[in-house]
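Q: can you look at this prediction? I've put the sequence above it.
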Amino acid sequence: MITDLPNLLTLSRIIAIPVLVLLVALCHPATDAAACVLFILAGITDYFDGHLARSRQLQSDLGRMLDPIADKLLVGASLMVLAGTDRMVFGALWPAIVILCREILVSGLREYLATTKVSLPVTRLAKWKTGFQMTAIGFLLAGDSTAGLIGLPALPIGLTGSVLLWIAAILTLITGWDYVLTGLRHVEQAPRGARTGSR
């Protein structure tokens, strides 16, 4: 049910997106810090919704559908608003493009494979990718402007976020290639009717 706690946590991530975008668009150190905190809280709900669903036996088709949608919307909106407000410092725009393209590619693969009753398991390396990616976006949302708020104006927050995003992009390419190879193996093995029936 949509009112189950894990699903409510997932929905809270989606609801947080317009608030986060507005905070970043205001371009003020205080709102940058607030956007970073909101993003961190949203990331925490990503852990707890899955954990609660498994521990309380509340896993559902709705939750399995909403969870990746919420994650991709949160990451995609964050990267786009950072790019739109010229906050992609030190070339961070390029790894952001790689990450977004990979998300679209993997989503398409998952959609196709779902019709063949095959799922793409999340690998340990993909979890590391997600960790680097979420941490990087948090740093970029905070930006160098928030360093003054904590009394460390020389702290290279933007540079740190950019470096982490480049690492995430490299892991994205590696895990994305693994997913593509896995998907292609299943496409090759699928009956011809299954490959042509949906188009």
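A: Cool, the structure landed.
Q: and the longest helix for this structure?
A: helix 157-189 (DSSP state H).
Q: same for it, what does it pack against?
A: Judged by 3 or more CB pairs under 8 Å, 6 or more residues apart in numbering; DSSP states H and E, helix 157-189 is in contact with helix 93-115, helix 124-142. The way it works is simple: take the backbone N, C-alpha and C, and place the C-beta from them, glycine included.
Q: pick the most buried one from the ones you listed.
A: helix 124-142 (a mean of 20; mean count of other CB atoms under 10 Å).
Q: tell me how far the residue nearest the centre of the chain lies from Ala168.
A: Centroid check for the chain by CA atoms, centre = their mean gives Val75 as the closest residue, at 3.9 Å. Applying CB to CB, to the nearest Å, the value for Val75 to Ala168 is 10 Å.
Q: likewise Leu181?
A: In this view, Leu181 and Ala168 are 20 Å apart by CB to CB.
Q: looking at these two, which one has more neighbours?
A: Taking neighbours as other CB atoms under 10 Å, Leu181 and Ala168 compare with Ala168 leading, 24 against 9.
Q: contacts only, for the more buried one.
A: Residues in contact with Ala168 (CB atoms under 8 Å, 6 or more residues apart in numbering) are 95, 99, 129, 132-133, 136.
Q: worst-scoring helix or strand of the chain, pLDDT-wise?
A: Lowest mean confidence among the helices and strands of the chain (mean pLDDT, DSSP states H and E): helix 192-196, at a mean of 51.
Q: could you give the mean pLDDT of stretch 23-34?
A: Across stretch 23-34, pLDDT averages out at 94.
Q: so which bits of it are buried?
A: Using 16 or more other CB atoms under 10 Å as the burial criterion, the residues of stretch 23-34 that qualify are 23-24, 31-34.
Q: closest one of those residues to Ala114?
A: Val24 (33.3 Å; CB to CB).
Q: the closest one: what's it in contact with?
A: Applying CB under 8 Å, 6+ apart, we find Val24 in contact with 31-32, 35, 78, 81-82, 85, 87, 141.
Q: secondary structure and distance to Ser162 added to these, as TSV?
A: Shown next, in TSV, are these (DSSP: H, G, I helix; E, B strand; the rest coil; distance: CB to CB, whole Å):
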residue	secondary structure	distance to Ser162
Thr31	helix	21
Asp32	helix	15
Ala35	helix	17
Ser78	helix	14
Val81	helix	16
Leu82	helix	11
Thr85	coil	15
Arg87	coil	10
Leu141	helix	12
